[in-house]
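>>> here is my input; please provide its structure:
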Amino acid sequence: MAENDSGGGRARGMSGGAIATLVGAAVLVVFMIQNTEQIRVKFLTWSFSWPVWLLIIVSAVFGALVWLGLGVLRRHRRRRARRAGRD
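Predicted coordinates:
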């Protein structure tokens with residue numbers, strides 16, 4: 001009999017989230033390998049040179065943090081409104 005349990009139980013293996021994480025990491029590594037050239041960035045009074053991959057990853061992380069921060073603020077406001085509604 002095969003190791004895979006197809007009788008309604010949970011099959012042992014990687015979850016969808018783990019697979020998506022591994023695929024995303026692989027795509028990220030390929031992106032980093034292909035985009036190594038340096039570019040000059042000018043922002044307000046700052047000027048610096050970074051590889052393309054680093055600039056995009058830093059921008060994406062910054063955007064994700066802003067997005068998460070806005071979500072936290074929204075949940076906090078809704079929670080406060082619900083608590084005020086109970087009084």
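>>> confidence score at Val72?
At Val72, the pLDDT value in this model is 81.
>>> what comes up buried for the helix or strand containing it?
Assigned by DSSP states H and E, Val72 belongs to helix 52-86. Residues of helix 52-86 classed as buried: 53, 55 (neighbour count, 16 or more other CB atoms under 10 Å). From N, CA and C alone the C-beta is placed, and that goes for glycine too.
>>> how far out from the middle of the chain is that helix?
Distance of helix 52-86 from the chain centroid (CA atoms, centre = their mean, to the nearest Å) equals 13 Å.
>>> now for it, which elements pack on it?
helix 16-34, strand 38-43 (3 or more CB pairs under 8 Å, 6 or more residues apart in numbering; DSSP states H and E).
>>> which of the ones you listed has the lowest average pLDDT?
Looking at the helices and strands packed on helix 52-86, the bottom one is helix 16-34 with a mean of 85.
>>> what's it packed up against?
Short answer (3+ CB pairs under 8 Å, 6+ apart): helix 16-34 packs on helix 52-86.
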